[in-house]
Every structure is written in C-alpha cells, then in structure tokens.
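Trainee: Here is my input, please return the structure:
(one chain, ligands or ions: 1)
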Amino acid sequence: MTDIKDMDPAQVAGDYREFTLRYHDGKQRKVLVTEMEAPYPDGRLIVSCADPQGVITHANQSFVDMSGYREDEIIGARHYILRHPDMPPAAFKDLWVAVQGGKKWQGYVKDLRKDGGFYWVYATVIPNVRNGAAVGYTSVRRKPSRNKAQEAEALYPTLF
Ligand SMILES: Cc1cc2nc3c(=O)[nH]c(=O)nc-3n(C[C@H](O)[C@H](O)[C@H](O)COP(=O)(O)O)c2cc1C
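Mentor: Presented below is the predicted three-dimensional model:
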C-alpha cells in the first residue's frame, strides 16, 4: 500500500484553503482545497475496485482523468485519497456499514482532485461476494443531476 502524502501547493490551481484530514486508519494529511468545480463529463462512468481493506486495485481512465492523479499514484492507494473535507464522516460510515453487511450503497459524493478542485458524483458501491465473504468492493460513479448535487451541497454541512 502506498503511503499518503500531503498535497503539494505546486499542483494546486489558484487560491486554496488548507485542512488536515485524519483518516480511519490514523493516518493524516494536509489537503488544499479550491472552489474550482470540474464538471462531470456526459456519458462517462468513473469506476474503481478495492480489495477488502479498501486499497484501490483498479481504476478506469475516467477515474484517472477526473481525479487528476496518475494511474500509478492511484493503484495501491486508499479511496480516501479522494476525500473532500466538505464530506460528512457519517456518509462514509453509512457506506462501510452497508457494504461490509453485504449490501450496496448509493449516494452523492463530493470528491477532491489532485489540483484542489472537486467534482460531484452519484456513486453505487457494491461488495464483491464470493462464498459468503467480501473479496473486494466496486464503485461505479455516474453524473449526478444538478439539483441533487445542489441538495447534497446544502445538506452535508448540517451532518457534521
Ligand atoms: C469501492 C469504494 C469506493 C470509494 N469511493 C470513494 C470516493 O470516491 N471518495 C471518497 O471520499 N471515499 C470513497 N470511499 C470511502 C473511503 O474508503 C473512505 O471511507 C472515505 O474517504 C473516508 O475516509 P475515512 O474512512 O478514512 O475517514 C470508497 C470506498 C470504497 C469501498
């Protein structure tokens, strides 16, 4: 598994705010966040797979393009590389309870790019179950409707 590094100001486009995120495994990193939204392209799905520990094992070209990371930075990283400070932890608790319980989870997620910008997705995360055990997880993300992304943008700050 690759170690998580602080975000690099040289990679960030424009003015940014700085946050320190602490992740579930005790690691932390400094993230630099701008107000620059990358619009979700029409007709594309952002797909990634993770092993049972949540380490990314596969990411498609749309994942690479939207996140701004190179493929070799993504494979072996954890999905929290995309965690945006505006996302309430409760959303991810809900996600993990669902998929570890063998159920799918769907929700609106604001993802953080390598350049400090963000993009909204509508994610469906499913456990890949073999002989009753989760052998990994897959997330397929679609373009969210404008209204739903705006609703989530208004709701999520109230969930902290
Ligand atoms: C298949 C899969 C896809 C995920 N996709 C994302 C994602 O796009 N953005 C994100 O912030 N977290 C995603 N997560 C959740 C992260 O694993 C993590 O729980 C979240 O970023 C919050 O970090 P924390 O659990 O360390 O607090 C995904 C998890 C799984 C299993």
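Trainee: Please make it C-alpha for all contacts and neighbour counts, starting now.
Mentor: OK.
Trainee: Tell me which residue lies farthest from the centre of this structure.
Mentor: Here the centre of the chain is the reference, and by CA atoms, centre = their mean the most remote residue is residue 131, at 28.0 Å.
Trainee: I'd like the average pLDDT over the longest helix seen in the chain.
Mentor: Identified as the longest helix of the chain according to DSSP state H is helix 89-100. This predicted structure assigns helix 89-100 an average pLDDT of 96.
Trainee: and if you look at stretch 43-57?
Mentor: For stretch 43-57, the mean per-residue pLDDT is 96.
Trainee: Next to the ligand, which bits of this structure? Give me the list.
Mentor: Counting by CA under 6 Å from any ligand atom, the residues of the chain close to the ligand are 23-24, 49-50, 54, 79-80, 82-83, 92, 111, 125, 137-139.
Trainee: all strands of this structure, in order?
Mentor: For the chain, applying DSSP state E gives strands covering 17-22, 28-33, 46-50, 56-59, 105-112, 118-130, 133-142.
Trainee: Within the sheet, what are the partner strands of the shortest one, with directions?
Mentor: Right, the one you point to is strand 56-59. Each strand pairing with strand 56-59, determined using DSSP bridges, is listed with its direction: strand 46-50 (antiparallel).
Trainee: between the partner strand and strand 133-142, how big is the angle?
Mentor: Strand 46-50 runs at 160 degrees relative to strand 133-142, counting by axes from the mean of the first three to the mean of the last three CA atoms, to 10 degrees.
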